[in-house]
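coords please:
(chains A and B)
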2 protein chains.
Amino acid sequence: MEKKRSKAERIAIITKKLVENPSEIHTLQQFSEMFHCAKSTLSEDIDGIGRLFEEEGLGKVVSLPGAAGGIYYSPVLTPSQVQEVQEDICRRLNEYSRVIPGGYVYMNDIFYTPRILQSMARCIVTRFCNEQVDYVVTIETKGVPLAMVIAELLNKPIAVVRKSARLTEGTTMQMNYVTGSNRNIHTMALPIKSIRRGSRVLLVDDFMKAGGTAKGIMDLMKEFDTTVVGVAVVMATREPEKKLINDYYCLVEFQSVDEEKETIQIIPKKM
Amino acid sequence: MEKKRSKAERIAIITKKLVENPSEIHTLQQFSEMFHCAKSTLSEDIDGIGRLFEEEGLGKVVSLPGAAGGIYYSPVLTPSQVQEVQEDICRRLNEYSRVIPGGYVYMNDIFYTPRILQSMARCIVTRFCNEQVDYVVTIETKGVPLAMVIAELLNKPIAVVRKSARLTEGTTMQMNYVTGSNRNIHTMALPIKSIRRGSRVLLVDDFMKAGGTAKGIMDLMKEFDTTVVGVAVVMATREPEKKLINDYYCLVEFQSVDEEKETIQIIPKKM
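As a prediction, the model looks like this:
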């Protein structure tokens, strides 16, 4: 940086660096070299940004103490913001024009539109941001954009379980599993290189019915010596009430489609 | 907003809103209501942020004149920043430990790690941000995270071409096509609901060899009455020099893997 920057300018640049790189640690040293300015001054600037974000419900600026310390932006939501996201998704999904042949509800758009996806991702990040996640794991295809947005917010890579091994992905761990709802046998495959042994992983997917796929990925994760810190889905069905996995986080619950009355019942899941 | 905010505080909040929502239009009216403050004051704040970003190579703040006008943040790179990204990708990919059985180069990590993906996405956005893109289109699976990150930066939805039709995606347009490299017949499918007729689309993928897949998607796009504004890939192979499509944007060129000398030759593509 050539020019001496004013307080407002420093704050604009620091805010930009923090917000554009969520969960990435920045040091006072780094800003002090950038602005040729005392750490105490920068510390004040950053405290001001943190206080402001907190007061306005704009996420958090987190300080890590110690030698490896620094600050990072954590894009967490308040409980009432999470509730607003849940209600917004229900409002969008309960439009009857979404029902497609077979009585399914068309949902691609909510998983493929950046701002909607981001709001859902933030709810999940709010729940799991303190779990020291190393990888966000999903299964192809519809869960991939959601996993990627969560990964961006946590600043961690994703790993994508595929339905068969690919030549271009090297040696692969492959596993057969039974889906929970119709008891079909499927295959899942994950390249050996995609996850470091001993990692902590968060599983995410768009949708869960009986939980057979989630259970399958959890079994596969054991082969990679990982700890599954949680399973998060956007929507789970009310039935079957007993899923194949014990614990999961979900935003909305699918209850029913009534083709006669032309209504869909999707409701916010109680947290 | 309850409290009266200082100039530095306004600038922090405006910067955050702009940077966190790239390509999303904000109006002076909206900020003026938020801060209970004159539009002329905000106009000055925003000009200051724009000038600062420009001077520091931090992207652009674009003003749209007129009644439907407003401002938005465009995360474009300078030519030298694009070149740095190209060189960084080559440096990462030319590590011989990436070579996997069959002489392929393992590349999942660069497509699955947020910050690397974002830097590549920004290069592509820099090239296509003025093309009025309505959708970012890709084919499953490895191109999906890249497409999503580009879509976030352009604030437009993605559409994902699949290798077969799905029950949960409704009526689907399905097409057979021949891959360019080994002349195999494959199928691609895209739900009717995923793209509005008359849209402008940007096709993106991780990799291109002969261009058969890209050509296939272009043919499929005709059935959706769309205009393809461009095709962008991260890597294209030097051979065959003549691709099945005439024009494409690519960041790096794959030349060869020498298994005897244990070297990979991937070089920045001249723009």
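
what pLDDT, on average, does whichever strand or helix holds A:L52 get?
Element membership of A:L52, judged by DSSP states H and E, is helix A:39-56. The average pLDDT within helix A:39-56 is 96.

Check which residues of the helix or strand following it are buried.
Using DSSP H and E, the next helix or strand after helix A:39-56 towards the C-terminus is strand A:60-64. The neighbour-count check on strand A:60-64 (16 or more other C-beta atoms under 10 Å in any protein chain shown) flags A:61-62 as buried. Just so you know, the C-beta spots here come from the backbone N, C-alpha and C atoms, and that holds for glycine as well.

what do you get for stretch A:91-109?
For stretch A:91-109, burial by neighbour count (16+ other C-beta under 10 Å) applies to A:92-93, A:98-100, A:105-109.

and what of stretch A:24-41?
Buried residues in stretch A:24-41, counted by 16+ other C-beta under 10 Å: A:26, A:28, A:31-32, A:34-35, A:37.

ditto for stretch A:224-235
Result for stretch A:224-235 [16+ other C-beta under 10 Å]: buried residues A:224, A:226, A:228-235.

Stretch A:152-170 too?
Buried positions in stretch A:152-170, judged by neighbour count with 16+ other C-beta under 10 Å: A:152-162, A:165, A:169-170.

who touches A:F35 in this structure?
A:1, A:5, A:10, A:13, A:42 (C-beta atoms under 8 Å, 6 or more residues apart in numbering or on different chains).

out of the residues you listed, who's near chain B?
A:1, A:5, A:13 (C-beta under 8 Å from any C-beta of the partner chain).

Could I get the full set of helices for chain A?
A:7-20, A:28-35, A:39-56, A:79-93, A:108-112, A:114-128, A:144-154, A:212-223 (DSSP state H).

Which one of those lies nearest to A:T263?
For A:T263, the closest of these is helix A:79-93, at 11.8 Å, according to C-beta to C-beta.

which outside residues touch that closest one?
Under C-beta under 8 Å, 6+ apart, the answer for helix A:79-93 is A:57, A:77, A:105, A:107, A:110, A:116, A:119-120, A:122-123, A:126, A:234-235, A:251-252, A:264, A:266-269, A:271.

show me what contacts the residue of the stretch 151-271 of chain A found nearest chain B?
Closest to chain B within the stretch 151-271 of chain A is A:G170: 3.5 Å, counting by C-beta to the nearest C-beta. By C-beta under 8 Å, 6+ apart, A:G170 lies in contact with A:191-193, B:100-101, B:104, B:106.

try 10 Å
A:191-194, B:98-102, B:104-106, B:108 (C-beta atoms under 10 Å, 6 or more residues apart in numbering or on different chains).

do A:N246 as well
A:211, A:215, A:231.

leaving aside the residues next to it on the chain, what's closest to the second one?
This means A:K215. The shortest distance from A:K215 to any non-neighbouring residue, by C-beta to C-beta, 6 or more residues apart in numbering or on different chains, is to A:L244 (4.2 Å).

Could you tell me the phi and psi values at the one you found?
Dihedral angles of A:L244 (phi, psi; degrees, to the nearest 10) stand at phi -80, psi -10.

who touches it in this structure?
Residues in contact with A:L244 (C-beta under 10 Å, 6+ apart) are A:178-181, A:208-216, A:218.

what separates it from B:T141, distance-wise?
25 Å (C-beta to C-beta, to the nearest Å).

try A:E54
39 Å.

Neighbour count: the two, which is higher?
Relative neighbour count places B:T141 above the other of A:E54 and B:T141, with 20 against 13, counting by other C-beta atoms under 10 Å in any protein chain shown.

Give me the local confidence score for that one.
The predicted structure lists B:T141 with a pLDDT of 94.

Cross-check the contact I'm expecting between it and A:R162.
Yes. If you go by C-beta atoms under 10 Å, B:T141 and A:R162 touch, sitting 6.6 Å apart.

Find residues that contact each of the two.
By C-beta under 10 Å, 6+ apart, the residues touching both B:T141 and A:R162 are A:139-141.

if we can go back for a sec, list only buried entries from the contacts of helix A:79-93.
For the contacts of helix A:79-93, buried by 16+ other C-beta under 10 Å: A:77, A:105, A:107, A:110, A:116, A:119-120, A:122-123, A:126, A:234-235, A:251-252, A:264, A:266, A:268-269.

Since that was my last question, I'll sign off now.
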